[in-house]
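In: Prediction below, plus the sequence it came from.
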Amino acid sequence: MKVNGNDYRTVWMEGSTVCFIEQNLLPFEFRIYRSDNYLETSKAIKSMKIRGAGAIGAAAGFAMAQAFAEAPENELQEFVYRAKQSIYTTRPTARNLYYAVDRVFNKALNSIDPQREALKEAHKIAEEDALSSLRIGKFGEELIQDKSRILTHCNAGWLAFVDHGTALSPVYNAFHHGKDVFVYVDETKPRGQGAKLTAWELQQVGIPYKIIPDNAAAHLMSLGQIDFVIVGADRIAVNGDVANKIGTLSRAIAAREYNIPFYVAAPLSTFDIDCIQGSDIIIEERPQEEVLFTSGITINGKLTSVLSSAPGSSAYNPAFDITPAKFITAIITDKGIIQPDESAIRDITRQ
Ligand code: MRU
């Protein structure tokens, strides 16, 4: 994707350094974060300097490769096993994180040259993600008519998934092929991934959009102002239930009430075939400060955080929710568009 005319990958590696766009600073500042070791990369994932299911998956794969490179020769097994467990604990909900860590770990551990193999596999995952997001874009575009008004939640663009995004990839394709598209962007409290990241991405591409308050979506649907909803996914269960950013469920219920198609876009690496139903998915609980405080820039351009709740309050902050399959019109995968049901999911994940 291009930022100010330059090509960037969501996350990449230079030598033994993991590099990515520091998302906590966007949209106010564009800076590349460089992490020299696996612990630092893990911390960056946990603190959401990099975020979004696919992006943290690719970053976690690179972190695992860093761990192989850092492991002392005489205790490689113990070191990389501990590293794997520690990367696992950074963010519990996104399937892609486990998928990438396991792939790098399993491929490298018993190979002749573990360091080289780990790095190769981590690069391969990021490369495959880029291709998957491209394919999602192609399949998903078929669903987009000219003059579509689209609602999206959170950020499921190229900041969240190497290299074109998931939910936004079809929208980018439609726009590049001359279709007139307009995007309503849920602000996505408490961290504002919609208002800060999706809005910034759409700006880079030149797609017209408006940020709407999180609680305005159903109102717009009731007025006939939304043609369809498209969101990404953090993990998809075998029965088609989808874990995604908190607030996705209420959009899906409202869309059903107003007969508006509700699409989920995700590659096969987001499907968890060991997870029978959505209620089995672990929902990450984030620090209460994310709800109690609001961050932004002052009129002097300084990034700051202010208390925006009654002093002394405590808050509960679940980061994701589960949308039951019955509210989902279809899932746009990198292998085609499927119904959110067990037989379709088993078929496509077997391919
Ligand atoms: O907590 P985040 O910002 O990592 O959550 C991101 C989302 O929920 C995205 O919508 C999701 O990862 C799908 S995009 C690959």
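Out: Structure received.
In: Quick one: the strands in the stretch 201-350 of the chain, in order.
Out: 209-212, 228-231, 235-236, 242-245, 262-265, 293-297, 303-307, 320-323, 330-333, 336-338 (DSSP state E, counting those that start in this stretch).
In: Can you list the neighbours in contact with the shortest one?
Out: When you say that, I think you mean strand 235-236. Strand 235-236 has contacts (C-beta atoms under 8 Å, 6 or more residues apart in numbering) with 53, 93-95, 242-243, 264, 266, 270-272, 275, 281, 331, 345. No exception for glycine: its C-beta is placed from N, CA and C like everyone else's.
In: likewise the fifth one?
Out: Defining contact as C-beta under 8 Å, 6+ apart, one finds that strand 262-265 is touched by 136, 140, 143, 156, 166-167, 169-170, 228-233, 236, 242, 244, 251-252, 255-256, 323, 327-333, 340.
In: can it be found next to the ligand?
Out: No. Residues of strand 262-265 contacting the ligand under C-beta under 6 Å from any ligand atom: none, with a closest distance of 8.1 Å.
In: so how far is that strand off the chain centroid?
Out: Put simply, strand 262-265 sits 14 Å off its chain's centre (C-alpha atoms, centre = their mean, to the nearest Å).
In: Is A195 in a helix, a strand, or coil?
Out: Following DSSP: H, G, I helix; E, B strand; the rest coil, the label given to A195 is helix.
In: Report pLDDT for it.
Out: On pLDDT, A195 comes in at 98.
In: Show the contacting residues for it.
Out: Counting by C-beta under 8 Å, 6+ apart, A195 has contacts V185, E187, T188, I211.
In: now, which of those lie close to the ligand?
Out: Counting by C-beta under 6 Å from any ligand atom, nothing from the contacts of A195 sits close to the ligand.
In: quick check, nearest of these to the ligand?
Out: Of all the contacts of A195, T188 has the smallest distance to the ligand: 8.2 Å, by C-beta to the nearest ligand atom.
In: For the closest one, the count of nearby residues, please.
Out: Counted with other C-beta atoms under 10 Å, the neighbours of T188 add up to 23.
In: Now do the closest residue to R51 other than its chain neighbours against the ligand, distance only.
Out: The shortest distance from R51 to any non-neighbouring residue, by C-beta to C-beta, 6 or more residues apart in numbering, is to Q23 (5.6 Å). In this view, Q23 and the ligand are 8 Å apart by C-beta to the nearest ligand atom, to the nearest Å.
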